[in-house]
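> The sequence and its predicted three-dimensional model are supplied below.
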Amino acid sequence: MSHIKFQLTLFVFLFVLPLMSVLAQGPPMLLPDLQSAGALGSDLFSQSGSTGMVLVVVREDQVFFRGYGETAPNSHQLPTQDSLLRLCSLTKIFTTDAFTKLIADKTVQLNDPLQRYAPRGVIVPKRVRPITLVDMATHTSGLPRELGNAPPNTSHFTFPDSRTRWR
């Protein structure tokens, strides 16, 4: 694709690893204060070589957020909680997690037809049979991988939008 490429590192920096370690190994351990994540994030960002980074720490009902660098090269815009950022391949991790939970709680089933979840008026094409969620999850739906180039003068990272994806 002919869009500007940049590297944005997203870290969900949960002091979860220590927490998981505690749960797995026994006696409780005092977790660091969330505000100490800022200094750790600064070090991490300076060593990453990334254009920008978002650090999010979630611990029970506490949330720490800090943006580093810029949202795109030469944008001079610090990432904020309202920034629209493309996660690129990281979306696969988030999608898999959400999908797994939806299947586990029986909200969806792998053999559900994609058509069931399409917006009103959208007709999902059929191949040999209706496309299912498992087809989407395993990349076997037969739908095209790329949606083409963004129209001229389209703002960075706004193409394709939801309507375009469904079309």
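Looks like it arrived, so ask away. Numbers count the residues shown, from 1 in each chain.
> Give me the buried positions along stretch 61-78.
Residues of stretch 61-78 classed as buried by neighbour count (16 or more other CB atoms under 10 Å): 64, 66-72, 75. (Each C-beta comes from the backbone N, C-alpha and C, glycine too.)
> By pLDDT, give me the weakest of those.
Lowest pLDDT of the buried residues of stretch 61-78: Ala72, 81.
> and after the helix ranked longest in the chain, which helix or strand comes next?
Longest helix in the chain, counting residues (DSSP state H): helix 90-104. Next helix or strand after helix 90-104 toward the C-terminus (DSSP states H and E): helix 133-137.
> Tell me how far that next one lies from the chain's centre.
In this view, helix 133-137 has its centroid 18 Å away from the chain centroid, taken as CA atoms, centre = their mean, to the nearest Å.
> show me where the chain has helices.
Listed in chain order, the helices found in the chain under DSSP H are 16-25, 37-48, 90-104, 133-137, 162-166.
> picking up where we left off before, make a markdown table out of the buried residues of stretch 61-78 and add distance to Gly142.
Below are the buried residues of stretch 61-78 laid out as a markdown table (distance: CB to CB, whole Å):
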| residue | distance to Gly142 |
| --- | --- |
| Phe64 | 43 |
| Arg66 | 42 |
| Gly67 | 39 |
| Tyr68 | 41 |
| Gly69 | 39 |
| Glu70 | 39 |
| Thr71 | 35 |
| Ala72 | 33 |
| Ser75 | 37 |
